[in-house]
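*Asks:* Give me coordinates for this.
(chains A and B)
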Amino acid sequence: MKEPVHISTNPSRKPDLQRLLHEVALGDQEAFAAVYDTVAGSVLGVARAVLRDRAQSEEVAQDVLVEVWRTAPRYQPERGSALNWILTLAHRRAVDRVRSVEAAAARDTRAALLDHQPAYDEVTEQVESRLEREQVRRCLRTLTELQRQSVTLAYYRGLTYREVAEALALPLGTVKTRLRDGLIRLRDCLGVTA
Amino acid sequence: MTTTDPHALTGAYAVHALEDEERAAFERHLADCPACAQEVAEFTATAGRLALAATVRPRPGMREQVLTRVTSVRQVPPGTAPSERVRRGVRRGRRLTRWALAASVAVAAAFGGTAAWQYERAQDARHQAASAERHAEEITGVLAAPDAKTRSARVAGGTGTVVVSARRDRAVFVTSNMAEPPRGKVYQLWFAVDGKMRPAGLMNPDRASQTVLMRGGVDGASGVGITVEPAGGSPRPTSAPIGLLEIPS
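*Replies:* Residues are numbered from 1 along each chain as shown, chains lettered A, B, ... in the order given. Here you go, the predicted model:
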């Protein structure tokens, strides 16, 4: 069994994913296997961060990867990198799942449990691509506490900004602003361009 | 939310933190706001980096399952019209349901103990939602119970804490910073009853910190044990416990 390749570089340095996806769009299953090896670990990582449950996160990750195969012909390179197209889909599906599975009561629970489970440290314990993790972690440290919490609760926990506001006992407008300011700072620190 | 500046929602939109209605409204705004669209694209790329930082190693069997699955999935034609997309969506829904079931069975085979539970959940989406909710409720119920008692111990380089509610007859095991189990092994929880160990569920091997609802009632158990077992767990411990906590009475 071939081991998956783990991404440790800036997404913009993965030019061949776009070419691979083009071949996948033409029905090339070998190209799809290469796409799988490049992204499966990150797709599963996102799903696991948001869903936590091992079986559910794998189910979502598998569905996302099959969805990549199915909809590859519709991927439009001018709208963003292939990697980000896939990772956005993965996060979207994980968030959809966590919101469909959890009723309002259970979601309150999730906010309550946050005290017991540090939002970010736990996620990064699982990380195998050390360079990427360290850079993201370093940049997250440049955020203010509220910016960092807003970004990590929304992204890694799949909370809506309304839920983030409730969890942190902050006004909605504050969370909205912190989320945006946090992403701006993170974008600049990571040197992200789009 | 109509009184607020829609530009400020770029961040929440990019990390999927808007509710459906607000998202639809923001997407309408996005169509006429190139500056917002640019910012959303940059934030989406930034979120991609957060995703990469969460990368984990999938179990090897997943690769073959996904590659097998796609052999029977027809690809969409480029630039599918919206009406067709809706029809396809319906078909796909049915197919995914069957796949979800197949995936659950495969997962069941890999994870033994949770098999029946997963299988049942896949059979009935409502049941799935209800049981996940019950599960989460049980955990909070125990953690918030007025009679909840806790014991902590050092386990595998981290901390294990058992929280027991005698009234609810349930226990929750909370860990932080535990070392990963050796490859192909899992941590298994046990209730110690009269010197015997009763299986109480498996922990997620990839998570150093987690909260697990222990399987079954406490039912007179005097302690909680944790052992290292082969993936899938064991009916009886196959090694000496790496952690043993007395259940507070």
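
*Asks:* And B:Met178, how far from B:Gln38?
*Replies:* 43 Å (CB to CB, to the nearest Å). Where you see a C-beta, it was placed from the backbone N, CA and C, and this is true even at glycine.

*Asks:* Ramachandran angles for the residue lying farthest from the centre of chain B?
*Replies:* The centre of chain B is farthest from one residue, B:Asp32, which by CA atoms, centre = their mean lies 38.4 Å away. B:Asp32 adopts backbone torsions of phi -110, psi 20, taken as degrees, to the nearest 10.

*Asks:* Ok, A:Thr38 next?
*Replies:* The phi/psi pair for A:Thr38 (degrees, to the nearest 10) is phi -80, psi -40.

*Asks:* swap in B:Arg151?
*Replies:* phi -140, psi 140.

*Asks:* That one - how many residues pack around it?
*Replies:* 15 (other CB atoms under 10 Å in any protein chain shown).

*Asks:* So for the host helix or strand of A:Val98, what gets flagged as buried?
*Replies:* Take DSSP states H and E as the rule and A:Val98 turns out to sit in helix A:82-101. For helix A:82-101, a neighbour-count test (16 or more other CB atoms under 10 Å in any protein chain shown) marks A:82-91, A:93-95, A:97-99, A:101 as buried.

*Asks:* Among these, which ones lie close to chain B?
*Replies:* A:Leu83, A:Asn84, A:Leu87, A:Thr88, A:Ala90, A:His91, A:Val95, A:Val101 (CB under 8 Å from any CB of the partner chain).

*Asks:* The third one is in contact with A:Val46, isn't it?
*Replies:* Yes: taking contact to mean CB atoms under 8 Å, the distance of 6.5 Å between A:Leu87 and A:Val46 places them in contact.

*Asks:* shared neighbours, those two?
*Replies:* Residues touching both A:Leu87 and A:Val46 by CB atoms under 8 Å, 6 or more residues apart in numbering or on different chains: B:Ala51.

*Asks:* So between B:Met178 and B:Gln38, which is more surrounded?
*Replies:* B:Met178 (23 against 12).

*Asks:* any idea which residue sits dead centre in chain B?
*Replies:* Mean-position check on chain B, CA atoms, centre = their mean. Result B:Asn204 at 8.9 Å.

*Asks:* Setting aside sequence neighbours, what's the nearest residue to that residue?
*Replies:* A:Arg54 (5.1 Å; CB to CB, 6 or more residues apart in numbering or on different chains).

*Asks:* Kindly report the same for B:Pro77.
*Replies:* In space, B:Pro77 is closest to A:Pro73, 6.2 Å off (CB to CB, 6+ apart).

*Asks:* Model confidence score at residue 11, please.
*Replies:* Just going to use chain A. Listed pLDDT for A:Pro11 reads 45.

*Asks:* nope, chain B
*Replies:* Confidence score, pLDDT, at B:Gly11: 96.
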